[in-house]
Structure formats: C-alpha cells, structure tokens
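Peer 1: coordinates only, no sequence provided:
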Ligand SMILES: Nc1nc2c(ncn2[C@@H]2O[C@H](COP(=O)(O)OP(=O)(O)O)[C@@H](OP(=O)(O)OP(=O)(O)O)[C@H]2O)c(=O)[nH]1
Ligand SMILES: [Mn+2]
C-alpha cells in the first residue's frame, strides 16, 4: 500500500539521518530537508508518483550517511534505488569534480530523478535565502546559486511550476537567465 511504503521511507530516512543536522545556526534536524523536498513535489509540483516521493525521502541517505544502495534495494526495490543512485554524488571524488559532474549529468537523468533534483535545489536555495549556513561567506552563497542555475539548466522541461519557482530565485539574485545559452540567446 502506497501510504505504508511512504511512511516506511520517512522512518528509514529519519533513522539514517538521526545524528545529522543542517548547517544553519539553529542546527535544524537534517530530516527536515528530505521531508521538505518530498513536500515540494506533492504540494507545489503536483507529483503523485509514489516512486518519486519515495526517492525524495531517501535522496540523501546514500550520499550523506553509511546507508548503501543495496540496503535501499532490499527495502524499497531496484527502481527506487536506481533513482536514489542517480541523485547521489560520489563522495569519494573531490568536491569540484562532484559539482562539475552534476552539471554534466543533469540532462541525462531520468525524468523521475530530474524531479527530485529540481525539488532538492529549490529547497536548498530557499534555505539559503532564509539563513546562511555556518561559515559560508556571501560570495559562497552566490557561487552556490550560480552553480545551481547551471545544474537546473539540464533539468528543464520536467515541471513548469518548480522551474518557475527556481527562476524567481535566480532572477532575484540577478543570475544570468538560466535558459539562455552561452551567448545569451534563448
Ligand atoms: N542551503 C543549505 N544547505 C545545507 C544546509 N545544511 C546542509 N546542507 C546541504 O549542503 C549541501 C550544499 O553544500 P555544499 O557545501 O555545496 O555541498 P556538500 O555538503 O555536498 O559538500 C546540500 O546538499 P544536497 O542536498 O546533497 O544538494 P546539492 O547541493 O549537492 O545539490 C544541502 O542539502 C543548510 O543549512 N542550508
Ligand atoms: Mn538534498
């Protein structure tokens, strides 16, 4: 049953992220983030695909905790594990390389993974507008917005509402419009 599997995901993610906090000065519990990403998808994105919502709830477990893809497969099946894999950075790579690969791989992600990535970026950018993570300069915040705009460029054509919400944030930051190509031509 769909409701049960979604609660199973939320519970699994809560256990995996239990010792993690966000980087804000209030040290918000990390689980607020995956739940918020899933909520953006249902509430704003109009997404009712249970596999997408499951993947959203689980999306940072493999990247950010000791959880393995095999565990996700065992509990939630190959398909959901596949989406989680698509949205997970390889933390063994240097940070610059990870960030570059996100830009490079965005357009070849599956539509389900693109939805999770759009909502993830939207949540994190809104979070940056609310509070600056500890130790981040204003320049680092701007760089994150600029990088996120490049990733989002490869995710377009997936969900109009989420893309419009992201564009509002990019516009407010005067980030060169994300759907323009290198010459500034649409
Ligand atoms: N804005 C914000 N982000 C926070 C906060 N606490 C933790 N994060 C996480 O930090 C990541 C962005 O920080 P970076 O320094 O760029 O990346 P890193 O943690 O992977 O090294 C995001 O990872 P991610 O979700 O995997 O997404 P992505 O940035 O890799 O796409 C985000 O979820 C916070 O208080 N505010
Ligand atoms: Mn995330």
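Peer 2: That came in fine, so what should we check first? This structure is a prediction, so every number in the text was calculated from the model and none was measured. Ligands and ions are numbered 1, 2, ... in the order given.
Peer 1: ok now the top helix by length along the chain, how far from the chain's centre?
Peer 2: Ranked by number of residues, the top helix in the chain under DSSP state H is helix 111-130. How far helix 111-130 lies from its chain's middle: 4 Å, per C-alpha atoms, centre = their mean, to the nearest Å.
Peer 1: average model confidence for it?
Peer 2: Mean per-residue pLDDT for helix 111-130: 98.
Peer 1: just stretch 141-160 next, same as before
Peer 2: So the average pLDDT for stretch 141-160 ends up being 98.
Peer 1: and it, which residues are buried?
Peer 2: Along stretch 141-160, the positions that meet the burial threshold by neighbour count (16 or more other C-beta atoms under 10 Å) are 141, 144-145, 148-156, 158-159. Where C-beta positions appear, they are placed from N, C-alpha and C, glycine not excepted.
Peer 1: for ligand 1, what are the nearby residues on this protein?
Peer 2: For the chain, the contact set with ligand 1 under C-beta under 6 Å from any ligand atom comprises 22-24, 33, 60, 63, 89, 95, 120-121, 124, 127-128, 133, 144.
Peer 1: of these, buried ones?
Peer 2: Among the residues of the chain next to ligand 1, those buried by neighbour count (16+ other C-beta under 10 Å) are 22, 33, 60, 89, 120, 121, 124, 127, 128, 144.
Peer 1: which residues touch the nearest residue to the last one once chain neighbours are set aside?
Peer 2: The shortest distance from residue 144 to any residue that is not its chain neighbour, by C-beta to C-beta, 6 or more residues apart in numbering, is 6.4 Å, and that residue is residue 128. Listed by C-beta atoms under 8 Å, 6 or more residues apart in numbering, the contact set of residue 128 reads 141, 144, 145.
Peer 1: touching, the last one and residue 167? I think so.
Peer 2: In other words, residue 145. No: with contact defined as C-beta atoms under 8 Å, residue 145 and residue 167 do not form a contacting pair (12.0 Å).
Peer 1: contact residues of the chain facing ligand 2?
Peer 2: Applying the criterion C-beta under 5 Å from the ion, the portion of the chain that neighbours ligand 2 consists of 60, 120.
Peer 1: if we use 6 Å, what do you get?
Peer 2: Neighbours of ligand 2 within the chain, by C-beta under 6 Å from the ion: 33, 59, 60, 120.
Peer 1: residues contacting the last one?
Peer 2: When you say that, I think you mean residue 120. Going by C-beta under 8 Å, 6+ apart, residue 120 touches 37, 56, 59, 87.
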